[in-house]
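1. kindly generate the corresponding structure for this input.
(one chain, ligands or ions: 1)
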Amino acid sequence: MSLTFGARLSELTASRGPLCVGIDPHPGLLAAWGLPDDVSGLERFALTCVEALAGSVAVVKPQAAFFERFGSRGIAVLERVLADLRSGGALSVVDAKRGDIGSTMAAYADAYAGEGSPLAGDAVTASPFLGFGSLSPLLDLAAKTGRGVFVLALTSNPEGGSVQLARGADGRTVGQAVVDDVAARNAGAAPLGSVGVVIGATVTGEARSVDLGALNGPILAPGIGAQGATAADLREVFGAALPHVLPNSSREVLAAGPDVRALRDAALRTVDSVRAVLA
Ligand SMILES: O=c1ccn([C@@H]2O[C@H](COP(=O)(O)O)[C@@H](O)[C@H]2O)c(=O)[nH]1
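-> Okay, the predicted model is just below:
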């Protein structure tokens with residue numbers, strides 16, 4: 001790819017607005033859309049999302065777990081979704097949260113960041129909890145192929161703090177150490193680095209004092225809608241880092257389907273609400 005992920009993301013969020021919409025085909029949503037909980041329902045759901053969203057929102061995040069539920073046929077649907085998002089004009093983030101020892105991470109890198117790999121979107125989520133250095137094979141290959149990686153730092157779930165707010169010998173929280181490691185990867189990149197962090201829009205208390213000043217990368221912020229955060233919370237949580245925040249909403253937007261137009265309108269309403277805060 002000729003432009004880096006950070007550059008493509010900056011360009012597309014400037015024109016379409018800063019929003020990532022998730023494709024999370026929960027069994028309950030399949031039922032609400034009148035679809036069977038099988039691979040044909042999964043395919044119809046996911047391709048309807050692509051039709052509604054690829055031409056209008058900046059970023060779409062298929063949640064790999066809901067495709068993996070159906071084995072190899074589900075993975076094939078994910079591959080089709082990624083190809084169709086690419087041709088439809090949206091950037092994709094594969095939410096697979098991969099993390100392992102470095103030698104195995106190299107294989108995940110081939111799968112999620114390798115040129116020509118059918119599972120490689122524009123970016124992938126990764127877990128740094130085997131040590132940030134273990135992600136190097138993925139970060140290196142993604143940099144080479146123009147892709148992005150979003151590294152978990154302070155996740156949106158209430159249990160996350162028990163690990164992510166623990167302090168190391170230098171007094172920093174685990175979440176802050178992840179942010180600092182990502183910042184080092186992004187140093188000097190323009191207009192924006194291609195390594196991002198995941199910080200929930202739902203985080204409270206101490207997690208909100210994370211220092212994002214040197215990050216120079218995107219912040220994927222899940223939690224808008226079904227997890228209780230609103231666009232208005234983004235200002236409280238992210239303060240001066242707001243211009244780099246990419247809020248994510250999945251179930252709340254998806255509940256507007258299966259009508260393509262209603263789904264697109266729900267996404268565009270969410271874009272308007274986050275734009276009003278981030279502007
Ligand atoms: O900290 C995290 C990291 C990832 N997620 C994922 O984002 C979506 C959120 O879906 P909603 O329906 O908007 O709650 C989902 O795929 C999560 O696995 C997260 O929520 N928090």
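2. got the residues of this structure near the ligand?
-> When proximity is defined as C-beta under 6 Å from any ligand atom, the chain approaches the ligand at 22, 24, 63, 95, 155-156, 198, 200, 222, 225-227, 248-251. To be clear about C-beta, it is placed using only N, CA and C from the backbone, and glycine gets the same treatment.
3. any of those residues buried? List them.
-> 22, 24, 63, 95, 155-156, 198, 200, 222, 225-227, 248-250 (16 or more other C-beta atoms under 10 Å).
4. between the residues of the chain next to the ligand, which is closest to Arg269?
-> Of all the residues of the chain next to the ligand, Arg269 sits closest to Ser249, with 10.3 Å by C-beta to C-beta.
5. what residues are up against that closest one?
-> Residues near Ser249 by C-beta atoms under 8 Å, 6 or more residues apart in numbering: Leu19, Cys20, Val21, Gly22, Pro222, Ile224, Gly225, Ala226, Thr270.
6. now Arg8
-> Arg8 touches Met1, Leu91, Asp122, Gly146, counting by C-beta under 8 Å, 6+ apart.
7. how about JSON lines for the residues you listed, with distance to Ile101, neighbour count and secondary structure added?
-> Formatted as JSON lines, these follow (distance: C-beta to C-beta, whole Å; neighbours: other C-beta atoms under 10 Å; DSSP: H, G, I helix; E, B strand; the rest coil):
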{"residue": "Met1", "distance to Ile101": "28", "neighbour count": "11", "secondary structure": "coil"}
{"residue": "Leu91", "distance to Ile101": "29", "neighbour count": "25", "secondary structure": "strand"}
{"residue": "Asp122", "distance to Ile101": "26", "neighbour count": "25", "secondary structure": "coil"}
{"residue": "Gly146", "distance to Ile101": "26", "neighbour count": "18", "secondary structure": "coil"}
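8. how about the residue of the stretch 51-200 of the chain found nearest the ligand, what does it touch?
-> Going by C-beta to the nearest ligand atom, the ligand is nearest to Thr155 of the stretch 51-200 of the chain, at 3.1 Å. Residues near Thr155 by C-beta under 8 Å, 6+ apart: Gln164, Val198, Ile199, Gly200.
9. so which of these belong to strands?
-> Val198, Ile199 (DSSP state E).
10. return the member of the contacts of Thr155 nearest to Leu138.
-> Nearest to Leu138 among those, counting by C-beta to C-beta, is Val198 at 14.6 Å.
11. tell me how far Leu234 lies from Thr270.
-> 12 Å (C-beta to C-beta, to the nearest Å).
12. hang on, I meant Arg16
-> In terms of C-beta to C-beta, Arg16 sits 12 Å off from Thr270.
13. same check on Gln227?
-> Look at Gln227 and Thr270: by C-beta to C-beta, they are 14 Å apart.
14. likewise for Gly171?
-> 38 Å.
15. these two - which one has more neighbours?
-> Thr270 (23 against 7; other C-beta atoms under 10 Å).
16. isn't the more buried one up against Leu254?
-> No - look at Thr270 against Leu254 with C-beta atoms under 8 Å: they stay out of range, at 11.2 Å.
17. so how many other residues sit close to Gly71?
-> 10.
18. okay, it: pLDDT?
-> According to the prediction, Gly71 has pLDDT 98.
19. Val198: what's it in contact with?
-> Thr125, Phe150, Val151, Leu152, Ala153, Leu154, Thr155, Ile219, Leu220, Ala221, Pro222.
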